[in-house]
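*Asks:* here is my input, please return the structure:
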Amino acid sequence: FLYLRMVEGVNVELALKFKQQPYEVELQNNDAILYALGIGFQADAMNSKHYKFTYENAEDFQAFPTNAVTVCHRGPFADGDFSVPGIPPFNPMMLLHGEEQVIFTKPLVPGQKYHVQEEIADFQDKGKGALLIFDSKITSVETGELHTTVRSSLFVRGIGGFGHKGKIRQTFPKAPKRAPDFVKEEQTQKNQAFLYRLCNDRNPLHVDPQMSAMGGFETPILHGLCSYGFSARVIQEKYCPEDPQ
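*Replies:* Numbering: from 1, shown residues only. Predicted coordinates for the structure are as follows:
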């Protein structure tokens, strides 16, 4: 009964018209530093190569590129508010972050203010769940120039069967059969989720066992965007350590 009621509550046309009211975000030094620490920078406190992301007095202090994912994501899904017209109410613990795509146009600069405009790009039936895709455009308050576009894909378990297959189709290159260019193992800390959640992602699924159990997990799970940031950091350190932008 619950499944049928939720399906009947889906209005794809209405959901696709949704646009979040634009909001303003100032990327402060502390925001940039906290994000860098949250994705594993400065695990070695004496590694001066990391100071550009973790120490505001460094000559080349800057925001790590994927810091953009914390500048947005403050719209309809921030602080547990998942109300979007056309999408029926659901248990927020049934939501999982599926994919994240960041298109860099200009670097984000600590101390600057940005406008964020978010809108639903697609809403796709995946059988036992639905894929909600939304785009966030980050522009400079001062100049109006586009700095970053973030496309986020969220999988909502339990809201399937409404039939809309969507318009966005992801294409991926085939995995090469040769040996990898390089391999590096990374170790997150046991308190990693408690640190990363301070980067504008306070979903209790990641730290509260009672809440994660509601989502079907035995223990809290690490933020997908934290793993995303770890991977970006490893690639940056390998291929562009001096000029990450």
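*Asks:* now do the helices in the protein.
*Replies:* 2-8, 12-16, 29-38, 51-54, 68-71, 192-196, 209-214, 224-239 (DSSP state H).
*Asks:* quick one: low-confidence ranges for this structure?
*Replies:* 1-8, 75-82 (pLDDT under 70).
*Asks:* ok, which stretches of it are strands?
*Replies:* 23-26, 95-104, 113-125, 129-140, 146-157 (DSSP state E).
*Asks:* nearest to His164, out of those strands?
*Replies:* The minimum distance between His164 and the strands of the chain falls on strand 113-125, with 5.3 Å, by CB to CB. C-beta: built from backbone N, CA, C; applies to glycine.
*Asks:* how many degrees apart are the closest one and strand 129-140 in direction?
*Replies:* Angle, strand 113-125 to strand 129-140, by axes from the mean of the first three to the mean of the last three CA atoms, to 10 degrees: 160 degrees.
*Asks:* for strand 113-125, name the packing helices and strands.
*Replies:* Strand 113-125 sits against helix 12-16, strand 23-26, strand 129-140, with contacts defined as 3 or more CB pairs under 8 Å, 6 or more residues apart in numbering; DSSP states H and E.
*Asks:* direction included, what does the second one pair against?
*Replies:* Taking DSSP bridges as the criterion, strand 23-26 pairs within the sheet with strand 113-125 (antiparallel).
*Asks:* quick check: buried residues in the strand it pairs with?
*Replies:* 114-118, 120-125 (16 or more other CB atoms under 10 Å).
*Asks:* of those residues, closest to Phe18?
*Replies:* Among the buried residues of strand 113-125, Ile120 lies closest to Phe18 (CB to CB), at 4.7 Å.
*Asks:* just send the strands of the chain back as CSV, with distance to Ala15 too.
*Replies:* What follows is those, written out as CSV (distance: least, CB to CB, whole Å):
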stretch, distance to Ala15
strand 23-26, 20
strand 95-104, 15
strand 113-125, 5
strand 129-140, 8
strand 146-157, 11
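*Asks:* check those strands for me and report the most buried one.
*Replies:* With neighbours defined as mean count of other CB atoms under 10 Å, the strands of the chain peak in mean count at strand 129-140, which reaches a mean of 21.
*Asks:* and that one with strand 146-157, angle?
*Replies:* Using the same axes, to 10 degrees: strand 129-140 against strand 146-157 is 160 degrees.
*Asks:* could you give the angle of strand 129-140 to strand 95-104?
*Replies:* Interaxial angle, strand 129-140 versus strand 95-104 (the same axes, to 10 degrees): 30 degrees.
*Asks:* who does strand 129-140 pair up with?
*Replies:* As assigned by DSSP bridges, strand 129-140 forms pairs with strand 113-125 (antiparallel), strand 146-157 (antiparallel).
*Asks:* figure out which of those is closest to Phe90.
*Replies:* Shortest distance between Phe90 and the strands paired with strand 129-140, using CB to CB, is found for strand 146-157: 5.8 Å.
*Asks:* residues in contact with that closest one?
*Replies:* For strand 146-157, the surrounding residues in contact (CB atoms under 8 Å, 6 or more residues apart in numbering) are 68-69, 71-73, 77, 87, 90, 94-108, 114, 121, 126, 128-140.
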